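Peer 1: I'd like to go over a predicted model; first the sequence, then the structure.
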Amino acid sequence: MNKAESWLEKTLRYRFQDAELFRQALTHRSASNRNNERLEFLGDAVLDFVVSEAVYLARPEAPEGDLSKLRASLVRDESLAVLALELGLGEYLVLGSGEKKTGGHRRESILADALEAIFGAVFLDSGFDAAKELINRVYDQRYRELPDVEELRDPKTRLQEWLQARKMALPDYKLVGVSGQDHNQRFSVTCTVIETSAVTDGQSTTRRKAEQEAARRMIDLINEQKS
């Protein structure tokens, strides 16, 4: 744990009073019954509150719906996993042998849960103010780069509305392949705009995410053709 503790102090400028809490926050259920699931539950709640306050203060004129979208964009698994990768968290996760072999230290859900578990562990170790300070430190750059709410609408909705506004048929999504084992599948999907015969593809860990990726690529293609 010495390496992990040094990483935490250097990267997040925090040192645990109770080192066992930190160990538990890094431990996936595949490695031990004493794992980070309960801490993740707690950290999720603390994170929601801290980020809610941050976006509320950052966008004083935004209605509730827009604030909810901004918060969701910051606390969803994808965003947490990216933050965890940037911080180098995956290197210090405690995983069972099966997860190690299948690259669990890079898996989105495992990284996201571990980061939330650290937030929860800090809350238990030093209280809300310490957890808030750490979360805001992690999110500082994200807060300064908050997107316009329009950009947060999911790609499938944006593509559908663009086509409907031009009285064009809705896009056709097709599942073209599924690879990997049950616990680590990859879905491949195509998106076709019939009127233009344009086709894009998307891959992700769920069919829904793959469709969103294909739709995003279609929007990029349309924008390129317009320019």
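Peer 2: In hand now; what should we look at?

Peer 1: report the buried residues of stretch 77-92.
Peer 2: For stretch 77-92, burial by neighbour count (16 or more other Cβ atoms under 10 Å) applies to Asp77, Ser79, Leu80, Ala81, Leu83, Ala84, Leu87, Leu89, Gly90, Tyr92. In short, each C-beta sits where N, CA and C put it, glycine included.

Peer 1: where helices are concerned, which of those residues count?
Peer 2: Asp77, Ser79, Leu80, Ala81, Leu83, Ala84, Leu87 (DSSP state H).

Peer 1: show me what contacts the fourth one?
Peer 2: Under the criterion of Cβ atoms under 8 Å, 6 or more residues apart in numbering, the neighbours of Ala81 are Glu108, Ser109, Leu111, Ala112, Leu115.

Peer 1: give me every residue that touches the closest residue to the last one other than its chain neighbours.
Peer 2: When you say that, I think you mean Leu115. Nearest non-adjacent residue to Leu115, counting by Cβ to Cβ, 6 or more residues apart in numbering: Ala84, 4.6 Å away. Each residue near Ala84 by Cβ under 8 Å, 6+ apart is listed here: Gly90, Leu111, Ala112, Ala114, Leu115.

Peer 1: Ala54 now?
Peer 2: Ala54 sits next to Asn136, Tyr139, Tyr143 when contact means Cβ under 8 Å, 6+ apart.

Peer 1: so the last one makes contact with Asn136?
Peer 2: Yes. The pair formed by Tyr143 and Asn136 meets the contact definition of Cβ atoms under 8 Å, at 7.5 Å.

Peer 1: what comes up buried for the helix or strand bottoming out on mean pLDDT in the chain?
Peer 2: Every helix and strand of the chain was ranked by mean pLDDT, DSSP states H and E. The lowest is helix 149-152, at a mean of 74. Going by neighbour count (16+ other Cβ under 10 Å), the buried part of helix 149-152 is Val149.

Peer 1: dump the C-alpha coordinates for that helix into PDB.
Peer 2: Provided in PDB are the C-alpha atoms of helix 149-152 (Å, rounded to 0.1, in the frame of the first residue of the first chain):
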ATOM      1  CA  VAL A 149     -26.300  22.400 -22.200                       C
ATOM      2  CA  GLU A 150     -27.200  22.000 -25.900                       C
ATOM      3  CA  GLU A 151     -24.000  19.900 -26.300                       C
ATOM      4  CA  LEU A 152     -25.100  17.500 -23.600                       C
END
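
Peer 1: and the residue nearest to Leu115, how far from Thr11?
Peer 2: 11 Å (Cβ to Cβ, to the nearest Å).

Peer 1: cheers, nothing more for now.
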